[in-house]
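> Okay, here's the prediction I keep looking at, along with the sequence it came from:
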Amino acid sequence: MARYVRIPGSIALITLANPPVNALSAAVRRGITETLSRAIADPEVKAVVLCGENGNFCGGADIKEFAGPMSGPGLVPMIDAIEAGEKPVVAAIEGVALGGGLELALGCHYRIAHCKARVGLPEVTLGLLPAAGGTQRLPRLIGLSAALDLITTGRHVSAQEALQLGIVDRLTEGDTLGVAVEFAQSIAGQPLGSRRLSTRTPACPADLDSFLQGALVQVRRRARGAMAPEACVRAVGAAATLPYSQGMQREQELMASLFRSAQARALQYCFFSQRLVGRWSTPSGARWDSAEPRPIRRAAVIGLGTMGRGIAVSLLQAGIAVVAVETDEQQLEAGRRAVTALLERRAQGRGSEGPLRFTTDLQQLRQVELVIEAVFEDLAVKKQVFRQLSAVCPADTLLCTNTSGLDVEQLAACTRSPELVVGTHFFGPAHVMKLLEVVYGPRSSPVAVATAMHLGKRLGKVSVAVGNCPGFVGNRMLKPYLEQAHFLLEEGAAPEQVDQALEEFGFAMGVFRVADLSGLDVGWRVRKEAGLTGPGVAPGESPRRRQGRRYSPLPDLLCEQGRLGQKTGRGWYLYEGPGAREARPDPWTHSFLQQYRQQHGLQPRAVPQQEVLERCLYALINEGFRVLEDGIATGPEDIDIIYVFGYGWPRHRGGPMFHAGAVGLATVLDRLEHYHHAHPDIPNLQPSALLRRLVASGNPPIQKWREVIRRVRSQL
Ligand SMILES: CCCCCCCCCCCCC[C@H](O)CC(=O)SCCNC(=O)CCNC(=O)[C@H](O)C(C)(C)COP(=O)(O)OP(=O)(O)OC[C@H]1O[C@@H](n2cnc3c(N)ncnc32)[C@H](O)[C@@H]1OP(=O)(O)O
């Protein structure tokens, strides 16, 4: 797990050998400890070079070990021994030096990095802090402020930035190992004094207390309720105020408070789930490892509204040539201006973009390998576009629809090659948001799914393959959540109370603030099309019942009043002044709700915060179980990744399905039964068969759910 070689010029070379990322497993730690002792004991060795196999220095501690009892040599004494040794140790960094990997390099006396390497301390993203001296050595190397930024964000920095900050001593463009060996020979025998970072004093801002206070406020705002960022601030603060050994003690105490926490478990689950969803499969047997994606060099985007513009920018930034299409010159010009502005804004520091052409002529699509349709969310309009595309494009062109929930199969049916049609549900702004739902229809071919999944990866997205049903996974589950929020208002809650409960849970914004931001007319249009409101409603139907179940007309009534959200200055909240973004509770809304309740004979009651959370979240989770039953998502991890990356579910809570497991499936079942008993006209509160089965199977860990899901599906 660590190889030892003596090379000419009195240098010992220690190579970490645990591909793919040389994670510091117990075996690797043992290997380093043993080989280092050997180098120190060998009088012929004057200096040591430490490197990693496979083009990667080290991806940090082995996260898989965190779930069980830790064994083997500790990282801290191992790194301390490197730093304290009398022979210089040079880290030769290729690929990544992350987390414990960077901490290991910080224990070395010199660091030489390849110009394409990346370094960072991403432990905070795993619900931890850098606990192998990272919070104490990094501030001593680059100062408190820069260290705090790196440690609380977990961001990876480029080799160039690492050089500027002083994290690495030198960059190479070619043979990193060769340069490091030569360098080690040149410094052998020189005093190591201040090269030992633990002996240095960190550079601190003048007003340390208010600096640290400000940092706490900032991290709390960034990730509401997350423990690790706060612990990171406290640990770095200790580097400023305590001698090294006491700072290390504080680092260990703070790590102990995080290490077995529910938040750390949730975040580490997200890390592995993000990788798991890349190993997709479909019920028809298509799989990530057998389906070959097609290369995409040229693509077209149809429709340059907000989504189309973002998609075009995303494609261009991945180096794909884009033909951008609009129906008339005026729309085209507006699209051209918007796309150009977005590109200019994002240009700094980015790589080269693919070529871009604007046209109103569909004939220009003959040369592209893939088309993404992003026109208005209307099935009839989209069908018409797909007929045109099928007539114009070569038969082997992959046709994608950017829809948030329309039937992909109906669009495929309008084309000559339905097997080459998939849904690509981008999230707005499409050039920023990380999630892509790739929707396969019953006829989508493995190559079509593989190409769309691979494209998502090229665009820097987390792509999740999902089946075709109204709303797919994300929006299908959102519907019962929104419904509960409206029902709670009918029963006595205020929008700000519901939002507060959700924001305290960890959402950046509650349901009503989000609705105001996106515009209430979006859902209104969907409900009109579904015949839930407007002229499609059967005469004489009660306003609070639709299609045999409870319905709340509250958001429709707001829209009818012209209250469409932020853009009209009024929605669930009031926005004072032009372009105002601050949501203020609105007395109008309160009296509107009061009148509504009176009109419908509803006796308002004080709704406890716990009920707000349980009804909104468990209704959503219950639908998640149905999504799994129906085979629309392959496993709970797919759902959780969709919610964390696309819907603002607090990452430190792992996603809705993970949350259900953490609360206890029996509790979720019990509460759903309770609420369904109280509201029998809300079918979404009726516990799903899968939830019942999982509880009956003894509440297995989430990693085992797939076995139960398979059995339930086979019986349904
Ligand atoms: C109550 C008791 C208290 C006791 C206290 C306990 C004290 C314990 C002391 C611990 C001290 C720890 C100190 C240290 O600070 C902690 C850490 O180092 S945590 C780890 C930090 N590192 C990271 O977060 C990096 C994670 N990895 C990545 O970001 C990426 O994988 C990458 C390295 C950038 C590479 O990206 P890609 O090339 O895209 O490849 P993949 O992401 O697909 O990864 C490939 C493969 O490798 C697996 N993997 C990656 N990193 C790790 C890792 N660190 N550990 C284990 N496995 C890793 C990844 O899952 C993939 O596997 P696959 O899915 O293919 O099976």
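Sure, I can see it.
> Below-threshold pLDDT in this structure: ranges please.
Scanning the chain for pLDDT under 70 picks out 347-354, 716.
> Would you mind measuring from the residue in the stretch 301-450 of the chain that the ligand sits nearest to to Arg651?
Closest to the ligand within the stretch 301-450 of the chain is Lys434: 13.9 Å, counting by Cβ to the nearest ligand atom. All C-beta atoms are positioned from the backbone trio N, CA, C, and that covers glycine. According to Cβ to Cβ, to the nearest Å, Lys434 and Arg651 sit 12 Å apart.
> before we move on, back to that, list the residues that contact the residue of the stretch 301-450 of the chain closest to the ligand.
Residues counted as contacts of Lys434 (Cβ atoms under 8 Å, 6 or more residues apart in numbering) are 460-462, 645-646.
> Can you name the residues of the chain sitting close to the ligand?
Counting by Cβ under 6 Å from any ligand atom, the chain comes close to the ligand at 20-21, 23, 59-64, 70, 75, 96, 98-100, 103, 122-123, 126, 128, 130-132, 134, 255-256, 259-260, 275.
> Which of these are buried, as a PyMOL select command?
To isolate the buried members of the residues of the chain next to the ligand in PyMOL, using 16 or more other Cβ atoms under 10 Å:
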select buried, resi 21+23+59+60+61+62+63+75+96+98+99+100+103+122+123+126+128+130+131+132+134+255+259
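> tell me the SS of Ala324?
Secondary structure state of Ala324, per DSSP: H, G, I helix; E, B strand; the rest coil, is strand.
> ok, the nearest residue to Thr241 once chain neighbours are set aside - contacts?
Among residues not flanking Thr241 along the chain, Leu208 sits closest, at 7.5 Å (Cβ to Cβ, 6 or more residues apart in numbering). Counting by Cβ under 8 Å, 6+ apart, Leu208 makes contact with 144, 237, 240-241.
> Check those residues and tell me the two furthest apart.
With Cβ to Cβ as the measure, no two of these lie farther apart than Leu144 and Thr241, at 10.2 Å.
> will you turn the contacts of Lys434 into a markdown table that also has neighbour count?
Converted to a markdown table, the contacts of Lys434 look like this (neighbours: other Cβ atoms under 10 Å):
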| residue | neighbour count |
| --- | --- |
| Gly460 | 12 |
| Lys461 | 23 |
| Val462 | 20 |
| Phe645 | 24 |
| Gly646 | 22 |
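> Contacts only, for the residue lying closest to Ser518 once chain neighbours are set aside.
Once flanking residues are discounted, Ser518 sits nearest to Gly565: 7.1 Å by Cβ to Cβ, 6+ apart. Counting by Cβ under 8 Å, 6+ apart, Gly565 touches 515-521, 571-572.
> Tell me, how many residues neighbour Ala188?
17 (other Cβ atoms under 10 Å).
> just to revisit the earlier point, among the contacts of Lys434, which are located in strands?
Here DSSP state E is the test, and the contacts of Lys434 give Val462 as lying in strands.
> Closest one of the contacts of Lys434 to Leu628?
Lowest distance from Leu628 to these (Cβ to Cβ) belongs to Gly646, with 17.5 Å.
> Count residues in the vicinity of the residue nearest to the closest one when sequence neighbours are not counted, would you?
Leaving aside its sequence neighbours, Gly646 sits nearest to Leu435 (Cβ to Cβ, 6+ apart; 3.6 Å). Around Leu435 there are 20 other residues, counting by other Cβ under 10 Å.
> Kindly report the same for Arg287.
Using other Cβ under 10 Å, Arg287 has 13 other residues around it.
> For this structure, which residue occupies the most central location?
Geometric centre of the chain, nearest residue: Phe645, 3.7 Å, by Cα atoms, centre = their mean.
> Could you pull up the residues touching it?
433-435, 462 are the contacts of Phe645 under Cβ under 8 Å, 6+ apart.
> what about Ala530, how many neighbours?
13.
> Skipping adjacent residues, who's closest to it in space?
The shortest distance from Ala530 to any non-neighbouring residue, by Cβ to Cβ, 6+ apart, is to Gly536 (8.0 Å).
> Let me see the backbone angles for the one you found.
phi -70, psi -10 (degrees, to the nearest 10).
> ok, now which ones touch the residue in the stretch 51-200 of the chain positioned nearest to the ligand?
Ranked by Cβ to the nearest ligand atom, the top residue of the stretch 51-200 of the chain for proximity to the ligand is Gly99, at 2.4 Å. Going by Cβ under 8 Å, 6+ apart, Gly99 touches 59-61, 120-123, 130, 134.
> can you do 6 Å?
Gly99 makes contact with 60, 122-123, according to Cβ atoms under 6 Å, 6 or more residues apart in numbering.
> What of Ala239?
Listed by Cβ under 6 Å, 6+ apart, the contact set of Ala239 reads 136, 139, 202, 247.
> sorry, back to before: of the contacts of Leu208, just say which sits nearest to the ligand.
Gly237 (17.7 Å).
> mind checking the SS state of the closest one?
Applying three-state DSSP: Gly237 is helix.
> Pop the domain breakdown of this protein in here.
According to automatic domain parsing, the chain comprises the domains 2-259, 291-472, 493-599, 609-715.
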